[in-house]
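>>> got a sequence here, can you build the structure:
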Amino acid sequence: MIDTAAKAAARGRYAKATDRFRTVLELSDAPEVRSYCLLCLGRVEEQRERWVLALEWYLRAFEMDQQSDKTWYFLNNNAGYCMNRLGRHREAEAFCRMAIGIDVERSNGWKNLGIALEGLGQWSAAAEAYLEATECCVADTRSMGLLHRLLEEYPEAVAKPPELAERPAVTHLDVASRIP
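Below you'll find the predicted structure:
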């Protein structure tokens, strides 16, 4: 039933997907299945740009014991993403740091942390997070774009932060050359 729900969501059949995920959620006692369903329900609401509803689904998972797996990485990361979308940057920062603690090699946690830190006015730390995201996934140029925009908008605030001065400059061409 989870596969059917996922296919419905991918096809934009959100009501059907939501009904199926809710059914599995209600019928299952397995924490890993329940947390995955809550993640999927949140993603369905994200696809509809309903940030508050998505966040509510993600936060329901935190009533259970957390695990250190892919599902929990995305529950933390996606909760942080939604909080950023809602302007709740301090809370977003905490969730993004939890996601990074689960998997430091995934770029989305770093990107969303950068957005949270930028929202808090922590320009240098935001630049560092964007750079980390870019290094985690050179094929995803969103973080590089956010870093460039940050440097253009606040050049005085992030002028040669020590953590960036020690690193070689990375450009979109560098990123493109690393893509297989």
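
>>> got the domain boundaries for this protein?
As given by the TED database, the domain ranges for the chain are 1-69, 92-158.

>>> please identify the most buried of those domains.
A comparison of the domains of the chain by mean neighbour count, using mean count of other C-beta atoms under 10 Å, puts domain 92-158 on top with a mean of 20. Heads up, the C-betas are built off the backbone N, CA and C, glycines and all.

>>> for the residue nearest the centre of the chain, which non-adjacent residue is spatially closest?
The geometric centre of the chain, computed from its C-alpha atoms, lies nearest to Asn77 (C-alpha atoms, centre = their mean), at 3.8 Å. Nearest residue to Asn77, sequence neighbours excluded (C-beta to C-beta, 6 or more residues apart in numbering): Ala99, at 3.9 Å.

>>> from Ala92, how far off is that neighbour?
From Ala99 over to Ala92 the distance is 10 Å, taken as C-beta to C-beta, to the nearest Å.

>>> now the common contact residues for these two.
Common contacts of Ala99 and Ala92 (C-beta atoms under 8 Å, 6 or more residues apart in numbering): Gly80, Asn112.

>>> distance of Glu156 from Ala17?
Following C-beta to C-beta, the distance that separates Glu156 from Ala17 is 47 Å.

>>> could you do His148 as well?
Look at His148 and Ala17: by C-beta to C-beta, they are 36 Å apart.
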